[in-house]
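Q: Task: produce atomic coordinates for the following.
(one chain, ligands or ions: 1)
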Amino acid sequence: MTLLETVSLKKYFGDTHAVDDVNLTIAEGEFISVVGPNGAGKTSLCNVISAHLAPDSGKIIFKGRDMTHSSVIERVKAGIARSFQLVNLFDDLTAFDNVALAIFARDGKIRNMAALADRDREVTIEADTVLDQFGLASKRNEPARGLAQGERKLLDVALAYALRPNLLFLDEPTSGVSTREKDKIMDIIASVVRGEGITAAIIEHDMDVVFKYSNRIVVMHQGAILAQGTPDAIRNNDDVAMILLGSSGPDAFSRKE
Ligand SMILES: Nc1ncnc2c1ncn2[C@@H]1O[C@H](COP(=O)(O)OP(=O)(O)OP(=O)(O)O)[C@@H](O)[C@H]1O
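A: All right, here's what the predicted structure looks like:
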């Protein structure tokens, strides 16, 4: 079943066509990657889908509802959450407090102090479960600023996950970490999203990560979708290799350390 559909979506910055007539459909349960050279429009597309940017024209349909003009909060409530290229943590708070705050933010208003105390117990259990799912239980009481880069990336994804989305959009979840850590981070993310039946879309530059974890790859170039298909189809698409790596053929995609 279709979860998200963009219809002729456009976002221009002056003469720059950051998102140019994008028709993207994401089905429930998919794990897609959005790839493309720097400036292709990947983050702009994500920003428009999450309401961090308003489109110039086009539509965003989520769960069959037209959400084009809805706010970030309305989209989070509907089930769209995203993480950012640069992690967005409260650095002085512990890993636990970061997750607990995301859970409280998701729930909104609390009626009275008794309700707050009850909720506090539930949130503690839920936040500890989330930390455990993301392999961060042993870092529970450490301030976010003291965590290693890979742990910070995971905590950032955990905050988006704590919003209980149906669609989780992750902007470069493995940027700035070593190749070995990338696989560890992606194994954890893939296991959580698949285990919970969450639909995921990641923006990613490392094609080994993209080929390993995606069911479908969407290639953007100059704001538009240049190609999309299974990892095998994209691996063997010479136009895609030319655009992404400036060379042709499947060998262009082997990881270079
Ligand atoms: N706020 C903005 N104001 C003006 N131009 C912008 C703005 N945001 C993005 N752009 C431009 O829109 C185009 C698409 O940028 P975007 O960041 O979406 O690409 P990207 O594919 O995510 O790139 P990268 O892989 O480098 O993150 C680029 O030419 C960029 O300079």
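Q: count of residues packed around Leu3?
A: Here the count is done by other CB atoms under 10 Å, and Leu3 has 20 residues near it. The C-beta positions use only the backbone N, C-alpha and C, and glycine is treated the same way.
Q: Export only the CA atoms of stretch 167-179, formatted as CSV.
A: Extracted in CSV, the C-alpha atoms of stretch 167-179 (Å, rounded to 0.1, in the frame of the first residue of the first chain):
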residue,chain,number,x,y,z
LEU,A,167,7.9,6.9,7.7
LEU,A,168,11.4,7.6,9.0
PHE,A,169,13.5,9.9,6.8
LEU,A,170,17.2,9.9,7.7
ASP,A,171,19.6,12.5,6.2
GLU,A,172,23.0,10.8,5.9
PRO,A,173,22.8,8.6,9.0
THR,A,174,26.4,7.4,8.5
SER,A,175,28.2,10.6,7.5
GLY,A,176,31.4,11.4,9.4
VAL,A,177,32.1,7.8,10.7
SER,A,178,34.5,5.1,9.6
THR,A,179,33.5,2.4,7.1
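Q: quick check, that stretch touching the ligand?
A: No: on the criterion CB under 6 Å from any ligand atom, stretch 167-179 is out of touch with the ligand, staying 7.2 Å away.
Q: Check which residues of that stretch are buried.
A: Buried residues in stretch 167-179, counting neighbours by 16 or more other CB atoms under 10 Å, are found at Leu167, Leu168, Phe169, Leu170, Asp171, Glu172, Pro173, Thr174, Ser175, Val177.
Q: I'd like the residues you listed written out as a markdown table, with distance to Asn236, secondary structure and pLDDT added.
A: Rendered in a markdown table, the data for the buried residues of stretch 167-179 read as follows (distance: CB to CB, whole Å; DSSP: H, G, I helix; E, B strand; the rest coil; pLDDT from 0 to 100):
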| residue | distance to Asn236 | secondary structure | pLDDT |
| --- | --- | --- | --- |
| Leu167 | 28 | strand | 98 |
| Leu168 | 29 | strand | 97 |
| Phe169 | 27 | strand | 96 |
| Leu170 | 26 | strand | 96 |
| Asp171 | 27 | strand | 94 |
| Glu172 | 25 | coil | 94 |
| Pro173 | 26 | coil | 94 |
| Thr174 | 24 | coil | 94 |
| Ser175 | 26 | coil | 92 |
| Val177 | 29 | coil | 93 |
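Q: Report the contact partners of the residue in the stretch 51-200 of the chain that the ligand sits nearest to.
A: Nearest residue of the stretch 51-200 of the chain to the ligand: Gln85, at 6.3 Å (CB to the nearest ligand atom). Taking CB atoms under 8 Å, 6 or more residues apart in numbering as the contact definition, Gln85 lies against Thr43, Asp171, Glu172, Ser175, Ile203.
Q: Max pairwise distance over those residues: which two?
A: Largest separation among the contacts of Gln85 by CB to CB: Thr43 and Ser175, giving 11.6 Å.
Q: C-terminal to the longest helix anywhere in the chain, what's the next element?
A: Secondary structure of the chain per DSSP state H: the longest helix is helix 113-133. Counting by DSSP states H and E, the next helix or strand C-terminal to helix 113-133 is helix 149-161.
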